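Peer 1: let's see this in three dimensions:
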Amino acid sequence: MKKLIASTLAIISLSACTANKPLTEEDQAMQYNMTVSEFREQKQAAARMNMSFEEHMKHMDHTGM
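Peer 2: Below is the predicted model:
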């Protein structure tokens, strides 16, 4: 009985992990309230400055651009 419960819990926890999928560009753009093209432009700008997208967005919020 204990093995059955442990197996069931293991299967449930593994299936929950596989349900999480990476966000698409559309999903990420929606998170930042941008169009997909705006998101891509900002992502490219961050890459040119050797920054992560999140760092770039924090900098943009801080400078008020």
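Peer 1: what sits against the nearest residue to E25 once chain neighbours are set aside?
Peer 2: Using CB to CB, 6 or more residues apart in numbering and skipping the chain neighbours, the partner closest in space to E25 is V36 (5.6 Å). The way it works is simple: take the backbone N, C-alpha and C, and place the C-beta from them, glycine included. V36 sits next to E25, E26, A29 when contact means CB atoms under 8 Å, 6 or more residues apart in numbering.
Peer 1: which one (most neighbours) among those residues?
Peer 2: Using other CB atoms under 10 Å as the neighbour criterion, A29 leads the contacts of V36 with 19 neighbours.
Peer 1: ok, that one touching F39?
Peer 2: Yes - with contact defined as CB atoms under 8 Å, A29 reaches F39; the gap is 3.8 Å.
Peer 1: for S52, give me the backbone phi and psi.
Peer 2: In terms of degrees, to the nearest 10, the main-chain angles of S52 are phi -80, psi 160.
Peer 1: and stretch 37-44, what's buried?
Peer 2: Using 16 or more other CB atoms under 10 Å as the test for burial, stretch 37-44 gives F39, Q42, K43.
Peer 1: give me the contact list for that stretch.
Peer 2: Residues outside stretch 37-44 that contact it (CB under 8 Å, 6+ apart) are E25, Q28, A29, Y32, M34, F53, H56, M57, M60.
Peer 1: including distance to A47, could those residues go into a markdown table?
Peer 2: Listed next are the contacts of stretch 37-44 as a markdown table, based on distance: CB to CB, whole Å:
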| residue | distance to A47 |
| --- | --- |
| E25 | 14 |
| Q28 | 14 |
| A29 | 16 |
| Y32 | 16 |
| M34 | 16 |
| F53 | 8 |
| H56 | 9 |
| M57 | 13 |
| M60 | 14 |
